[in-house]
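In: Starting from these lines, generate the structure:
(one chain, ligands or ions: 1)
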Amino acid sequence: MGSASYQKLVIVGNDQGSAFILRETNLTVKRKQDKKFEWLSYDVPLRNVVWAELVNDKFKVSFLARKRNKKKGPLSLETCSGVVDEVSLETVDRFMKDLQAAAYAGVKPGRRLKVVVNPKAGTGKSEQIYKRDIVPLFKAARCQVDVTYTTHIQHGIQIGKELELNKFDAVVSVGGDGMVYEILNGFAENSDPMRALKIPVAPVPTGSGNGLALDILGVEEGLDVLASALNGAKGRAMPVDVMSIVQGNKRALSFMVQTTGLMAEADLGSEHLRPLGSTRFMVYFLMGVAKHKQVPIKLQIKVATSDKQKMVEDLRASQNQAKRDLKLTLSKSRIAPRSDADPNSPQVTTSGPFITTTGLEHADEDGAQSSHAGDSPVAPAPTSPVRDSTISSGTDPRKSMHTDHTDATRVSTPSTPDTTPPSTPPPSTSKLPPLRYALLKDEELKEEDGWMTVTDPILWYMAGKGPYVGETFMSFPVSVPNDGMIDVAVHKPTSRTGLIKAIDGAEKGKLYWTNDELYYKATAYRVTPLPSRKRSSYVSVDGEAFKFEPYTVEVHPGLATLLSPYGYYCAEFDIPQPQATATAKATKRQSRMPRA
Ligand SMILES: Nc1ncnc2c1ncn2[C@@H]1O[C@H](COP(=O)(O)OP(=O)(O)OP(=O)(O)O)[C@@H](O)[C@H]1O
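Out: Numbers count the residues shown, from 1 in each chain. Next up, the predicted model:
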């Protein structure tokens, strides 16, 4: 445990109070409830701090937290606000500026957002969710919003195609993965496609397929619309590989998953099960498993590696690098601790019935020090060199502390470096990257160039980027956003019980270690349906239907940009290699054996 600085601000009144403890990666907010004398305590990761400011004598901190600090349930927009007396203004102002700078480390506050809402996505509630929940959040985050409600199929393509690139910092897509697919393919048709694809996109999950939102925020918050919308307001730009799929004369961009066989049939052939919601995929899939359907295709893959253990190591290395980068960004945003001798620090002051002190503390990284572990926001008497900031509040708290969803005032904010791509890069006459493999003949895909052909019969293959295709299926557990690789998972026929057992842990990527799943990192692949009178199938590309005809897919490293609070896909793939477990158990058993 190392030592890390943190700042504490306590604002108290006769029967009110707010306390804030700002640490390296989180903010503790404690506030007295309106009518009761209990304190509510929230532990808020800095990514969920929406805004902090002092305007005139009114402070306000907005953040996302579960209502009444419950463990489960959707996040809601909470605001802690109040009025500060004159003598405390400077201290509170400084704290709010520090908090705001930490909350927006590496990101420009007040983004200009193009919001695209698909009212027909999922169960048809996108518009309602947007107006009721997301608009207040964007107001609290001081975003400038230009919203379009889509009115027809492929409207998203038109929006991406015609987007005025100078006008927006990011695009927020309120719908399912299909809307993101359309927006990216619209960017590909934009007059400046390379620049358009640099505009970061953030999905807000209101569709029936929301794999991308899960990739970005993980299972805990990935399906939470406010967490995803806040990612649109203040996530960091994360370059991602996208893929071209070429079928006949048609070229499209795919950002997530291409599949044929059982998985594609579960996606596209399960329309009649729509009333079941997202479980329809699994129901259809299990029906297919029972029938043991094979898909008649030839699969040629330009393989970079097929070593599953190495892929896991590469994943960990890339995640650790992203974590280090994020830590550096956060540490750069921190304002250096001020000394006791700082002449600008107000001293202990009394103000009517209130007490005012100010300061800064140091504590262990886990923040376990007693001053912020209890229920009371007011720290116990500090031991040197601990200092508190206990600030008086000038008005009746019952009037000033409330959840406020209305204020959209624009305020000046501390300047911070921005990782969002600049909105006015140099002019370019860009084109999509040229195709390297799609136009080659079959015989040109040579073994000596790394091409291999899967000859085993298969139930399905899936290829793409991002760990999740849905909440119940982590298809590419070792996917890395920008490694220049397509993950290709090929499933050989297996015993029905074996498959159903493996599917049982599919949400955590359990299929990955099974011997019947071949897994490759590849830069391209080609699918050729084989003539079979008995069997045809579907081809699904990010949920869109393609013909069951030959196609080639190839990767374009870092071509598109997403927003992410983390800088890596947020999936917990912690299932160890079975042999490793077996070996570890054997070693343990052995070490327990009595020695001769
Ligand atoms: N107003 C509209 N009316 C009908 N279709 C629309 C409308 N707006 C968008 N769409 C279509 O909705 C599809 C995308 O849906 P989206 O991914 O947002 O939600 P979804 O519920 O996950 O989709 P899916 O129906 O594929 O499961 C696209 O094909 C798009 O063209």
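In: Just the closest residue of the stretch 301-450 of the chain to the ligand, please.
Out: Distance from the ligand to each residue of the stretch 301-450 of the chain (Cβ to the nearest ligand atom) is smallest for residue 432, at 21.3 Å. C-beta: built from backbone N, CA, C; applies to glycine.
In: got the contact list for that residue?
Out: Residues in contact with residue 432 (Cβ atoms under 8 Å, 6 or more residues apart in numbering) are 188, 193-194, 244, 251, 253, 556.
In: Tell me the one of those residues nearest residue 516?
Out: Distance ranking of the contacts of residue 432 against residue 516, using Cβ to Cβ, places residue 244 first at 29.4 Å.
In: So that closest one belongs to a strand, correct?
Out: Yes: inclusion of residue 244 in a strand is indicated when DSSP: H, G, I helix; E, B strand; the rest coil is applied.
In: That one reaches residue 253, doesn't it?
Out: Yes: distance between residue 244 and residue 253: 6.3 Å, which falls inside the contact criterion (Cβ atoms under 8 Å).
In: Mark which of the contacts of residue 432 are buried, thanks.
Out: 188, 193-194, 244, 253, 556 (16 or more other Cβ atoms under 10 Å).
In: With distance to the ligand as added columns, please give those in a markdown table.
Out: Supplementary listing: the buried ones among the contacts of residue 432 in a markdown table, determined by distance: Cβ to the nearest ligand atom, whole Å:
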| residue | distance to the ligand |
| --- | --- |
| 188 | 16 |
| 193 | 20 |
| 194 | 24 |
| 244 | 20 |
| 253 | 15 |
| 556 | 22 |
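In: what's the neighbour count on residue 571?
Out: Close neighbours of residue 571, defined as other Cβ atoms under 10 Å, add up to 25.
In: Look at it and tell me its secondary structure.
Out: Quick answer, by three-state DSSP: residue 571 is coil.
In: My guess is it contacts residue 218. True?
Out: Yes: using Cβ under 8 Å as the test, residue 571 is close enough to residue 218 to be in contact (6.3 Å).
In: Would you mind giving the contacts of residue 432 as a markdown table with pLDDT added?
Out: Output for the contacts of residue 432, formatted as a markdown table (pLDDT from 0 to 100):
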| residue | pLDDT |
| --- | --- |
| 188 | 97 |
| 193 | 97 |
| 194 | 97 |
| 244 | 98 |
| 251 | 96 |
| 253 | 98 |
| 556 | 98 |
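In: what two of those are the furthest from one another?
Out: 194 and 251 (15.3 Å).
In: Who is residue 44 paired with across the strands?
Out: Residues found in beta-bridge contact with residue 44 (criterion: DSSP bridges) are residue 27.
In: Likewise for residue 298?
Out: residue 528.
In: how about it, what does it touch?
Out: Per Cβ under 8 Å, 6+ apart, neighbours of residue 298: 453-454, 527-530.
In: for this structure, which helix is longest?
Out: Taking residue count as the measure and DSSP state H as the definition, the longest helix of the chain comes out as helix 308-333.
In: average pLDDT for that helix?
Out: Averaging pLDDT along helix 308-333 gives 91.
In: So what's the gap between it and the chain middle?
Out: A distance of 15 Å separates the centroid of the chain from that of helix 308-333, by Cα atoms, centre = their mean, to the nearest Å.
In: What score does residue 7 have for pLDDT?
Out: According to the predicted model, the pLDDT of residue 7 comes to 84.
In: what phi and what psi does the backbone show at the nearest residue in space to it that is not next to it in sequence?
Out: Beyond its immediate neighbours in the sequence, the residue positioned closest to residue 7 (Cβ to Cβ, 6 or more residues apart in numbering) is residue 22, lying 4.7 Å away. With angles defined as degrees, to the nearest 10, residue 22 sits at phi -100, psi 120.
In: doesn't residue 99 make contact with residue 22?
Out: Yes: under the criterion of Cβ under 8 Å, residue 22 makes contact with residue 99 at 5.4 Å.
In: what residue ranges in the stretch 301-450 of the chain score low on pLDDT?
Out: Counting by pLDDT under 70, the stretch 301-450 of the chain contains low-confidence ranges at 334-429.
In: Up against the ligand, what does it have?
Out: Taking Cβ under 6 Å from any ligand atom as the measure of proximity, the stretch 301-450 of the chain makes no contact with the ligand.
In: go on, the chain?
Out: Close to the ligand, as judged by Cβ under 6 Å from any ligand atom, the chain has residues 118-122, 150-156, 175-179, 182, 207-209, 543.
In: can you do 8 Å?
Out: The interface of the chain toward the ligand, taken as Cβ under 8 Å from any ligand atom, is made up of 118-122, 126, 149-157, 173, 175-182, 206-210, 543-544.
In: Now do the domain split for the protein, please.
Out: The chain breaks down into these domains under automatic domain parsing: 3-107+326-400, 112-240, 250-311+433-563.
In: Can you tell me which of those is packed in deepest?
Out: Of the domains of the chain, the one with the most neighbours on average (mean count of other Cβ atoms under 10 Å) is domain 112-240, at a mean of 22.
In: okay, how far is it across that domain, tip to tip?
Out: End-to-end distance for domain 112-240, by Cα to Cα, to the nearest Å: 21 Å.
In: residue in this structure nearest to the ligand?
Out: Taking Cβ to the nearest ligand atom, the chain has residue 176 as its residue nearest the ligand, at 2.1 Å.
In: so residue 506 touches residue 473, yeah?
Out: Yes: using Cβ under 8 Å, residue 506 makes contact with residue 473 at a distance of 5.0 Å.
In: before we move on, back to that, point out the ones among the contacts of residue 432 that are inside strands.
Out: Restricting these to those inside strands, with DSSP state E as the criterion, leaves 244, 251, 253, 556.
In: Contacts only, for the second one.
Out: Okay, so that is residue 251. In this structure, residue 251 makes contact with 244-245, 432, 435, 438, judged by Cβ under 8 Å, 6+ apart.
In: Relative to residue 75, which of the ones in strands among the contacts of residue 432 is nearest.
Out: Proximity of the ones in strands among the contacts of residue 432 to residue 75 (Cβ to Cβ) peaks at residue 253, which lies at 31.4 Å.
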